[in-house]
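A.B. asks: Sharing a model prediction with you, sequence too.
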Amino acid sequence: TGQPLTPPVTITYSWTTLREGVDYTITYEDNVEEGEATITVTGKGVYYGTKYEWFWIRKRQISNCDITWPADQDYTGKPLTPAVVVKYHGQTLKKGRDYTVTYEDNVEGGYADVIVEGIGLYTGSEKGDFYIDEVSMTWDCTVYDIPDQYFAGKYLTPKVTVTWGGEKLREGVDYTLRYE
């Protein structure tokens, strides 16, 4: 939690439950970070002596979190990094404090991988994916009309303008062109 953990302690003597502050005091050590924490119980009044107990603080497993993976995305030609939502018992975790996200194969069409890795109070990793829908040149792109060409005794290669979503595409990068 990042806060001191103070699990409840019940002290009994001969079937009598003792009272904290009256019959004994409790102190905790190393009870914030992952690892072994110490509880020290010291007798008070007619009770004397000191008793030590230990408990473990473990990081939370990211695999025990609810992860909402990204929905399918449209191809943009640029790396896609859609948001991932990670919750632990209904509480939304903070990216950069509780977990990191890395993406693989997230430019071209097909499946892209998303890796969520626990940091801070969380540990472990989980892998999900999302699908990148490829652009259909037939349906999604606009090819502007090519003006009529006049035979000049050589092979003609008129300039072609292709756009997608209002953005001009680059020949050889975004598409290939073949004259027949």
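C.D. replies: Noted; the coordinates are in hand. Numbering: from 1, shown residues only.
A.B. asks: Flag the shaky bits of the protein, pLDDT-wise.
C.D. replies: Where the chain drops to pLDDT under 70, the residues are 1, 135-139.
A.B. asks: how about it, which residue sits the furthest from its center?
C.D. replies: In the chain, Gly153 marks the outermost C-alpha relative to the chain mean, sitting 61.1 Å out by Cα atoms, centre = their mean.
A.B. asks: Wasn't that residue part of a helix?
C.D. replies: No: per DSSP: H, G, I helix; E, B strand; the rest coil, Gly153 lies outside any helix segment and is coil.
A.B. asks: and the gap between the residue nearest to Tyr179 when sequence neighbours are not counted and Tyr24?
C.D. replies: Using Cβ to Cβ, 6 or more residues apart in numbering and skipping residues adjacent in sequence, the residue nearest Tyr179 is Thr157, 5.8 Å away. Bear in mind the C-beta positions are built from the backbone N, C-alpha and C, glycine included. As defined by Cβ to Cβ, to the nearest Å, Thr157 lies at a distance of 92 Å from Tyr24.
A.B. asks: out of these two, which sits in the busier spot?
C.D. replies: Of the pair Thr157 and Tyr24, Tyr24 is the one with more neighbours under other Cβ atoms under 10 Å, namely 21 against 9.
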